[in-house]
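> coords below, sequence missing:
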């Protein structure tokens, strides 16, 4: 019973962090209708940014949270502006521009290999102020980096959700996702909105990087570990839905952690996909997706 | 000097020419309608004025400034507000959020509180429904939101594309009444309509479009009595 409870607590904490890794993906997809294959690489960039920042300054990882995401915002903003926008403009009549997806795949390869060139292939870890610390509640052991990751993840999701609903730019992001042309008639410059969406998506990947680095290693292709899971989470929760990404993340986290109590981890992967397919079979638009958004 | 003048424009969709050498003017404070059948180029004309399309040749001037090469977001800032055909609301957003989106330009954004109050005064129905998702409204209410959203942008000239489309006759009539009230506040109105009778009665002047050209133009009251209009558009 205790191990089960322990597994549930671990699963929820890790699941929220998975949700965080998927938030940027769902946001960019929701606004731009582009599946961003570079998302894992952006996570990698976020993790390396957090890694170097903490390593070189010896700063507390919570402080990295204030520095890394804004830097990543500009990185994403200008990457969309310089690399992706020209292709978007050429495909302006298309609702879901496929060539843009191919460009994001190119970005993925370029970023991963740049990281390989610059930092080498080794797995790197950095001991932060919270690495390895845990405390026990009753009989349950809570890892501090994961607990703080959970809190940051939920906070980021809530913050993003409010931003989308309550601010002028957030509404413009929503409006552009629903109808680009009409948003344009309202005075929204869609390409600037895309820059912002990409910037926010990348900034959230930066948050995820800061959260993950205290308990995980980073290497140039680390993105792949998280982005396949992020894709599942986003589709499971409903494409474009912020709450859906968090819920999807927690579902995946729970399944992974609870089932691994009873079977080997290769089996839990299979079960994750089985549950994923079942949910899609019953609800094709995902748990919280809106089927009318199509 | 007219408020808006379109001179000799040619507009294409790909290789297909929709508008052929069309010219028209709208003076300040006027209500001008553009009438004509399906495929006459009415919507294309509005889309060209609002910048969604660019003319291959010809010019468009607003208050003396050339706007035919500007992007839509620049044009709406100048007070040329396009209420598109089929309402085009942001379907999953609330009525209030749709109205807020209308006030996106920096200037309109600053005055959004006041504009919102005015729109709710004008259209009390919307105030009752401000929290409701736009998609769940009736056709007439959706059209009201679309017009209200246009008003939020502080229009100098409000261009409406078939606001009565798909509405029950009584609802269509109340939309025309609303347009009258908007025009009475001093907003210049450029109205595209298939409902020729109603729109001519509302307007000062009108242009009849056929095959992307102006077939007839004149004072609305004279066009109502025009034989050709009567037989071709009013079924008399």
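Cool, got the structure. Fair warning: this is a prediction, and the values are worked out from it, not measured in the lab.

> continuing past the helix or strand harbouring residue B:108, what's the next helix or strand?
Counting by DSSP states H and E, the element that carries residue B:108 is helix B:106-110. Using DSSP H and E, the helix or strand that directly follows helix B:106-110 along the chain is helix B:112-122.

> what mean pLDDT does that following helix have?
Taken as a whole, helix B:112-122 has an average pLDDT of 93.

> ok, and what's touching the helix holding residue B:108?
A:168, A:187, B:77, B:102-103, B:115, B:152-154 (Cβ atoms under 8 Å, 6 or more residues apart in numbering or on different chains). For every residue, glycine as well, the C-beta is placed using N, CA and C.

> near chain B, which residues of chain A?
By the rule Cβ under 8 Å from any Cβ of the partner chain, the part of chain A lying against chain B is A:165, A:168, A:171-172, A:174-175, A:178-179, A:181-189, A:290, A:292-293.

> for the host helix or strand of residue A:52, name the packing helices and strands.
Following DSSP H and E, one finds residue A:52 within helix A:39-57. If contacts are counted by 3 or more Cβ pairs under 8 Å, 6 or more residues apart in numbering or on different chains; DSSP states H and E, helix A:39-57 sits against helix A:2-32, helix A:61-79, helix A:98-119, helix A:190-212, helix A:223-237.

> check which residues of it are buried.
By neighbour count on 16 or more other Cβ atoms under 10 Å in any protein chain shown, the buried set for helix A:39-57 is A:39-55.

> give me the distance between the two termini of stretch B:191-200.
The first and last residues of stretch B:191-200 sit 10 Å apart, counting by Cα to Cα, to the nearest Å.

> now stretch B:77-94: buried residues?
B:77-85, B:87-94.

> among those, which ones lie close to chain A?
Answer for the buried residues of stretch B:77-94 near chain A (Cβ under 8 Å from any Cβ): B:77, B:82, B:84, B:88, B:90-93.

> report the two of those separated the most.
For those, the maximum inter-member distance is 26.3 Å, found between B:77 and B:92 (Cβ to Cβ).

> point out where the chain drops to low pLDDT.
If you meant another chain, say so; for now it's chain A. Residues of chain A meeting the criterion pLDDT under 70: A:291-294.

> my bad, chain B
B:236.

> up against chain A, what does it have?
So far as Cβ under 8 Å from any Cβ goes, chain B lies against chain A at B:50, B:52, B:71-73, B:76-77, B:82, B:84, B:88, B:90-93, B:97, B:100-102, B:104-105, B:108-109, B:135, B:149, B:153.

> burial count for residue A:129?
Other residues near residue A:129 number 15, with proximity taken as other Cβ atoms under 10 Å in any protein chain shown.

> contacting residues for it?
Here residue A:129 is in contact with A:60-61 (Cβ under 8 Å, 6+ apart).

> and for residue A:8?
For residue A:8, the contacting residues are A:254, A:257-258, by Cβ under 8 Å, 6+ apart.

> burial measure for residue 189, as a count.
In the absence of a named chain, this looks at chain A. Residue A:189: 17 surrounding residues under other Cβ under 10 Å.

> not quite, go with chain B.
22.

> narrow the contacts of residue A:8 to those in helices?
Judged by DSSP state H, the contacts of residue A:8 include A:254, A:257-258 as members of helices.

> could I get the residues you listed as TSV with distance to residue B:213?
Output for those, formatted as TSV (distance: Cβ to Cβ, whole Å):
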residue	distance to residue B:213
A:254	66
A:257	70
A:258	71
